[in-house]
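1. From the sequence below, what's the structure:
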Amino acid sequence: MTAVTAERRTGAKKATGAAIFGTFIEYYDFSVYGYVAATLSLVFFPSDDPTVGLLNTLLVFGSAFLVRPLGAWYFGRLGDRRGRRISLIASITLMGAAATLTGLLPGYAQIGILAPILLVTFRMLQGFSAGGEIGGAASYIREWAPPHRRPLYISFIPSVANLGKGLAAGAAALVAALIPAEAMVEWGWRLPFLAALPLGILCLYLRLKVEDSPEFTALESEDATTKRPFVDLVREYRPQLFKVIGISTVQNLGTYVGTVFVAVYFSQVLGFSSSQASTIVLVAVLLAACLIPFAGVFGNRVGAKRTLLIAYTAYVVITFPSFLLMNTGSFGLAVLGLALGMIPYALCQAGTYGSVAEFYPTRIRHTGVAVGHSVGAVIGGGAGPYLATLLIDTTGNTYMPAFILIAAGVFGLVLVGTGVRGNRDTTSHLYR
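-> Alright, predicted model coming up:
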């Protein structure tokens, strides 16, 4: 094992800080839409049937996932050819611009059908940007961090992502609490989106001041980078790619059903007010943000694979009791129920991020992580909230989101317990 110098540790902390702050902003920008979805349905999809308007709004939410693989290919190619730093700078710039433009967008009453068309366009730009962020941040931190502490360093990615979602939920709750419902529809929903502008500028400044990862710099100095990272990925590492897609599908179902859709679930299905729903989710995701680094330390001790198996088992065992508490109608028990659901969620986040970067060599790592995670996001994140809404409306059963998460846990156990284990030259001891 190569000795880790004090200079390397300092550089790793600085690089990790710049990377995770960008992830924080990306997830704030990307999640705000989900937390104000009920209001957006009134502004951009006016309808006599509230469910139809909400489904249309969630379809736009899901449209961002359709272009994530394209963004993963683009930013992955940029990161593997030009460097992780360049890719991370480009992705945060695009995300901030798309969120800001959404906040400035006139509604259906002002410009008619053009309003939802532009909403879809800006949402898809957000998805394109998000497609490259995780692959870049995970590769960048993994290549800077001391080998024996990689799971802990990388666990800060999902931890601060939850802080970003927490800020989005908090902003939505604050706006909903302070602004009358009529004003919320007219202009209040814009405020959380417009906050993306100053946050994005600050993040861009930080990312411009960091250096590229030592592993990529060494690869570049040896002229060993690849000009076709996606082609190399598909030709040489297909089993690893499929494994990452499956792991990421479960992780994204847990994220977007368990921490984003539940805001709509509490307000539209269980009858809590918008401010109460946002507050419940805020408490839960802040708890998750605190738990995930501890799960990262746990992963450093037992390995990412075992962490994932424990997480998936916890989804199967804990999810239904947590939804029973949410469905009591009590605000306090709803907080407790969702907080309980953050235990498997935190373990799954740490296990996922601790493992996916370990499946690939440096020359295709950014592309491999970005593409695998983004395809998983299309399946798990794009379809999850819409499927949960549709199943609840069709069956009348308010426990459908719980059944989705339990099924994801069973799938994860089968996936990680069997199949490709990764070759020794592409997968470290952290996953085996």
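2. Going by neighbour count, list what's buried in whichever strand or helix holds Gly127.
-> Element membership for Gly127, per DSSP states H and E: helix 114-144. Of the residues in helix 114-144, those buried by neighbour count under the rule 16 or more other Cβ atoms under 10 Å are 115-116, 118-119, 122-144. From N, CA and C alone the C-beta is placed, and that goes for glycine too.
3. Please pull out the lowest mean pLDDT helix or strand from this structure.
-> Of all regular secondary-structure elements in the chain, judged by mean pLDDT, DSSP states H and E, the least confident is helix 50-66 with a mean of 70.
4. Name the next helix or strand downstream of that helix, please.
-> Moving toward the C-terminus from helix 50-66, the first helix or strand encountered (DSSP H and E) is helix 68-82.
5. circling back to that earlier point, tell me the angle the helix holding Gly127 makes with helix 68-82.
-> Compare the direction of helix 114-144 with that of helix 68-82 by axes from the mean of the first three to the mean of the last three Cα atoms, to 10 degrees and you get 40 degrees.
6. which helices and strands does the helix or strand that helix 114-144 is followed by pack with?
-> Secondary structure here is assigned by DSSP H and E; on that basis, the next helix or strand after helix 114-144 toward the C-terminus is helix 150-178. The criterion is 3 or more Cβ pairs under 8 Å, 6 or more residues apart in numbering; DSSP states H and E, and the helices and strands that helix 150-178 contacts are helix 6-35, helix 114-144, helix 190-194, helix 274-302, helix 331-356.
7. Show the subsequent helix or strand relative to helix 150-178.
-> Taking DSSP H and E as the definition, the helix or strand right after helix 150-178 is helix 181-183.
8. So which bits of that following helix are buried?
-> Within helix 181-183, not a single residue qualifies as buried, counting by 16+ other Cβ under 10 Å.
9. Report the mean per-residue pLDDT for that helix.
-> Averaged across helix 181-183, pLDDT comes to 84.
10. do stretch 80-88 as well
-> For stretch 80-88, the per-residue pLDDT averages 92.
11. all numbers from here: first residue = 23
-> Happy to do that; since the first residue is 23 now, the last one works out to stretch 102-110.
12. Endpoint to endpoint, it covers what distance?
-> With Cα to Cα, to the nearest Å as the measure, stretch 102-110 spans 12 Å from end to end.
13. Report the buried residues of that stretch.
-> The neighbour-count criterion (16+ other Cβ under 10 Å) identifies Asp102, Arg103, Gly105, Arg106, Arg107, Ile108, Ser109, Leu110 as the buried residues of stretch 102-110.
14. Which residue, other than its chain neighbours, is closest to the first one?
-> What sits nearest to Asp102 in space, not counting adjacent residues and going by Cβ to Cβ, 6 or more residues apart in numbering, is Pro251, at 4.0 Å.
15. tell me, how many neighbours does the one you found end up with?
-> As a burial measure, Pro251 scores 25 neighbours (other Cβ atoms under 10 Å).
16. For His388, see how far away it is.
-> For Pro251, the distance to His388 equals 7 Å [Cβ to Cβ, to the nearest Å].
17. list the residues that contact both of the two?
-> Counting by Cβ atoms under 8 Å, 6 or more residues apart in numbering, the shared contacts of Pro251 and His388 are Gly98, Asp102.
18. Any stretches of the stretch 23-172 of the chain with poor pLDDT?
-> By pLDDT under 70, the low-scoring segments of the stretch 23-172 of the chain are 23-26, 69-77, 79-80, 83-84.
19. do the stretch 323-454 of the chain as well
-> In the stretch 323-454 of the chain, residues with pLDDT under 70: 441-454.
20. let's see 50
-> Of all residues in the stretch 323-454 of the chain, those with pLDDT under 50 make up the ranges 444-448.
21. can you give me the helices for it?
-> 326-348, 353-378, 387-398, 406-417, 422-439 (DSSP state H, counting those that start in this stretch).
22. Flag every buried residue along stretch 249-259.
-> Of the residues in stretch 249-259, those buried by neighbour count under the rule 16+ other Cβ under 10 Å are Pro251, Phe252, Asp254, Leu255, Tyr259.
23. What lies in contact with it?
-> Under Cβ under 8 Å, 6+ apart, the answer for stretch 249-259 is 95, 98-99, 102-103, 248, 263, 381-382, 385-386, 388-390, 393, 448.
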